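Colleague: Next one to model:
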Amino acid sequence: MATNDGYSPYPLGLTAVQAVAAITRAHNLSTELLGYVKYTTSATPPTGSKPGDIWLNSTTGKLYRAMVESTVLVWLEV
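Modeller: Sure, this is the predicted structure:
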């Protein structure tokens with residue numbers, strides 16, 4: 001849906017119901033991700049992580065994602 005002046009209230013093509021559902025899920029992202037990846041907030045890298053896990057460094061505010069290279073766990077800044 002768009003208006004004559006080009007304004008599109010839902011630029012991603014979502015309906016109002018879909019937009020509200022997406023915002024609700026994004027607001028509660030840590031709970032949504034628990035079924036898929038582990039989300040950790042700490043000053044030091046977590047141990048026992050698997051590929052795809054997410055770590056938010058509470059000291060720097062930077063976000064990292066885990067990757068396994070051979071047998072070594074590597075944290076890549078996202």
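
Colleague: quick one: Glu69 from Leu76, how far?
Modeller: Distance of Glu69 to Leu76, computed by CB to CB, to the nearest Å: 10 Å. Just so you know, the C-beta spots here come from the backbone N, C-alpha and C atoms, and that holds for glycine as well.

Colleague: domain ranges for this structure?
Modeller: Under the assignment automatic domain parsing, the domains of the chain span 1-29, 37-77.

Colleague: if I pick the closest residue to Lys62 other than its chain neighbours, what's in contact with it?
Modeller: Spatial nearest neighbour of Lys62, chain neighbours left out: Glu77 (5.7 Å); criterion: CB to CB, 6 or more residues apart in numbering. Residues counted as contacts of Glu77 (CB atoms under 8 Å, 6 or more residues apart in numbering) are Lys62, Leu63, Tyr64.

Colleague: buried residues in the lengthiest helix in the chain?
Modeller: Ranked by residue count, the top helix of the chain under DSSP state H comes out as helix 16-27. The neighbour-count check on helix 16-27 (16 or more other CB atoms under 10 Å) flags nothing as buried.

Colleague: swap in stretch 43-52?
Modeller: Pro46, Ser49.
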